[in-house]
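>>> Sequence isn't available, so here's the structure alone:
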(Lines give C-alpha, C1' and ligand atoms only; values in the text may rest on other atoms or scores of the structure.)
Protein backbone atom coordinates (compact mmCIF):
# COMPACT_ATOMS: atom_id res chain seq x y z
CA UNK A 1 0.00 0.00 0.00
CA UNK A 2 1.46 3.36 -1.08
CA UNK A 3 -0.09 6.34 0.72
CA UNK A 4 -0.63 9.37 -1.51
CA UNK A 5 -2.05 11.86 1.02
CA UNK A 6 -3.34 11.91 4.59
CA UNK A 7 -5.69 14.28 6.36
CA UNK A 8 -3.83 15.11 9.58
CA UNK A 9 -6.43 17.60 10.77
CA UNK A 10 -9.25 15.05 10.69
CA UNK A 11 -8.38 13.25 13.91
CA UNK A 12 -7.83 16.56 15.71
CA UNK A 13 -11.07 18.21 14.61
CA UNK A 14 -13.39 15.17 14.47
CA UNK A 15 -14.23 12.15 16.54
CA UNK A 16 -13.89 9.18 14.16
CA UNK A 17 -16.71 6.64 14.59
CA UNK A 18 -16.38 4.28 11.59
CA UNK A 19 -14.11 4.01 8.57
CA UNK A 20 -14.84 2.73 5.07
CA UNK A 21 -12.64 1.96 2.07
CA UNK A 22 -14.00 3.28 -1.22
CA UNK A 23 -12.83 3.52 -4.78
CA UNK A 24 -12.80 6.85 -6.63
CA UNK A 25 -14.15 7.45 -10.12
CA UNK A 26 -11.26 9.19 -11.89
CA UNK A 27 -10.94 10.50 -15.43
CA UNK A 28 -8.11 10.59 -17.93
CA UNK A 29 -4.74 11.47 -16.51
CA UNK A 30 -5.77 11.94 -12.87
CA UNK A 31 -4.12 8.65 -11.85
CA UNK A 32 -0.83 9.72 -13.44
CA UNK A 33 -1.10 13.02 -11.61
CA UNK A 34 -1.65 11.17 -8.32
CA UNK A 35 1.45 9.05 -8.96
CA UNK A 36 3.70 12.02 -9.67
CA UNK A 37 2.36 15.01 -7.73
CA UNK A 38 -0.05 13.65 -5.15
CA UNK A 39 -3.14 15.54 -4.01
CA UNK A 40 -4.60 17.60 -1.19
CA UNK A 41 -7.47 16.33 0.96
CA UNK A 42 -7.37 18.91 3.75
CA UNK A 43 -10.58 20.70 2.68
CA UNK A 44 -12.32 17.62 1.25
CA UNK A 45 -15.62 16.26 2.54
CA UNK A 46 -18.17 13.67 1.46
CA UNK A 47 -21.84 14.12 0.74
CA UNK A 48 -24.64 11.66 -0.04
CA UNK A 49 -26.90 12.57 -2.95
CA UNK A 50 -29.71 10.15 -3.60
CA UNK A 51 -28.13 6.71 -3.54
CA UNK A 52 -24.61 7.83 -4.43
CA UNK A 53 -21.72 9.22 -2.41
CA UNK A 54 -19.59 12.09 -3.76
CA UNK A 55 -16.44 13.77 -2.53
CA UNK A 56 -16.04 17.53 -2.85
CA UNK A 57 -12.92 19.75 -2.81
CA UNK A 58 -10.50 16.89 -3.39
CA UNK A 59 -7.66 18.69 -5.17
CA UNK A 60 -5.88 16.53 -7.75
CA UNK A 61 -3.55 18.80 -9.74
CA UNK A 62 -3.53 18.69 -13.54
CA UNK A 63 -1.06 16.34 -15.18
CA UNK A 64 1.41 18.60 -16.94
CA UNK A 65 2.53 16.30 -19.75
CA UNK A 66 -0.86 15.95 -21.41
CA UNK A 67 -2.30 18.23 -24.05
CA UNK A 68 -5.66 16.67 -24.90
CA UNK A 69 -7.48 16.13 -21.60
CA UNK A 70 -7.31 18.40 -18.59
CA UNK A 71 -9.74 17.77 -15.74
CA UNK A 72 -10.79 20.44 -13.27
CA UNK A 73 -8.55 19.86 -10.19
CA UNK A 74 -11.37 20.36 -7.66
CA UNK A 75 -14.22 18.68 -9.51
CA UNK A 76 -16.75 16.52 -7.69
CA UNK A 77 -15.83 12.83 -7.80
CA UNK A 78 -18.05 9.83 -7.23
CA UNK A 79 -17.05 7.32 -4.55
CA UNK A 80 -17.54 3.63 -5.27
CA UNK A 81 -19.10 1.81 -2.32
CA UNK A 82 -21.35 -1.23 -1.93
CA UNK A 83 -25.11 -0.54 -1.78
CA UNK A 84 -25.28 -1.94 1.74
CA UNK A 85 -22.59 0.49 2.94
CA UNK A 86 -24.31 3.44 1.21
CA UNK A 87 -27.66 2.59 2.84
CA UNK A 88 -25.99 2.40 6.24
CA UNK A 89 -24.27 5.75 5.67
CA UNK A 90 -27.54 7.38 4.55
CA UNK A 91 -29.23 6.27 7.76
CA UNK A 92 -26.42 7.35 10.07
CA UNK A 93 -25.80 10.73 8.45
CA UNK A 94 -29.52 11.56 8.44
CA UNK A 95 -30.16 10.50 12.04
CA UNK A 96 -27.20 11.78 14.01
CA UNK A 97 -25.99 14.67 11.88
CA UNK A 98 -22.61 13.06 11.21
CA UNK A 99 -20.27 13.98 8.35
CA UNK A 100 -18.09 12.06 5.91
CA UNK A 101 -14.41 13.03 6.12
CA UNK A 102 -11.58 11.51 4.05
CA UNK A 103 -8.66 10.24 6.11
CA UNK A 104 -6.22 9.10 3.44
CA UNK A 105 -5.82 8.30 -0.25
CA UNK A 106 -3.61 5.43 -1.33
CA UNK A 107 -2.81 2.84 -3.99
CA UNK A 108 -3.78 -0.63 -2.83
CA UNK A 109 -1.95 -3.87 -3.70
CA UNK A 110 -3.56 -4.04 -7.16
CA UNK A 111 -2.61 -0.40 -7.94
CA UNK A 112 -6.17 0.87 -7.65
CA UNK A 113 -6.68 4.29 -6.08
CA UNK A 114 -8.63 3.93 -2.84
CA UNK A 115 -9.82 6.47 -0.31
CA UNK A 116 -10.47 5.82 3.36
CA UNK A 117 -13.48 7.85 4.44
CA UNK A 118 -14.77 8.08 7.97
CA UNK A 119 -18.08 8.74 9.58
CA UNK A 120 -17.17 11.50 11.99
CA UNK A 121 -18.67 13.83 14.56
CA UNK A 122 -17.20 17.31 14.97
CA UNK A 123 -15.36 18.03 18.21
CA UNK A 124 -16.19 21.17 20.14
CA UNK A 125 -13.52 23.65 21.15
CA UNK A 126 -13.66 22.74 24.84
CA UNK A 127 -13.23 19.05 23.98
CA UNK A 128 -10.03 19.89 22.10
CA UNK A 129 -8.76 21.98 25.02
CA UNK A 130 -9.52 19.22 27.52
CA UNK A 131 -7.62 16.69 25.41
CA UNK A 132 -4.58 19.00 25.20
CA UNK A 133 -4.62 19.45 28.99
CA UNK A 134 -4.80 15.68 29.53
CA UNK A 135 -1.89 15.08 27.16
CA UNK A 136 0.21 17.72 28.94
CA UNK A 137 -0.61 16.19 32.33
CA UNK A 138 0.33 12.71 31.09
CA UNK A 139 3.63 14.01 29.72
CA UNK A 140 4.39 15.76 33.00
CA UNK A 141 3.67 12.65 35.11
CA UNK A 142 5.86 10.50 32.84
CA UNK A 143 8.66 13.03 33.14
CA UNK A 144 8.38 13.06 36.96
CA UNK A 145 8.28 9.25 37.10
CA UNK A 146 11.43 9.11 34.98
CA UNK A 147 13.22 11.51 37.36
CA UNK A 148 12.04 9.53 40.38
CA UNK A 149 13.23 6.21 38.90
CA UNK A 150 16.66 7.66 38.14
CA UNK A 151 17.13 8.75 41.76
CA UNK A 152 16.21 5.34 43.20
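All right, it came through fine. Quick caveat, the model's predicted, so the values are computed rather than measured.
>>> Please make it C-alpha for all contacts and neighbour counts, starting now.
Will do.
>>> In the chain, where is pLDDT below threshold?
For the chain, no stretch has pLDDT under 70.
>>> Now with 90, please.
Low-confidence segments of the chain (pLDDT under 90): 1-2, 8-15, 26-40, 42, 50, 60-75, 91-98, 108-111, 121-132, 146-152.
>>> Helices of the protein, residue ranges please.
8-13, 30-37, 83-96, 125-151 (DSSP state H).
>>> out of the ones you listed, nearest to residue 110?
For the helices of the chain, the distance to residue 110 is smallest for helix 30-37, at 13.5 Å, taking Cα to Cα.
>>> got a list of contacts for that closest one?
Helix 30-37 is contacted by residues 4, 60-63, 71, 113 when judged by Cα atoms under 8 Å, 6 or more residues apart in numbering.
>>> From what I see, residue 13 and residue 127 are in contact.
No. Between residue 13 and residue 127 there is no contact under Cα atoms under 8 Å: 9.7 Å.
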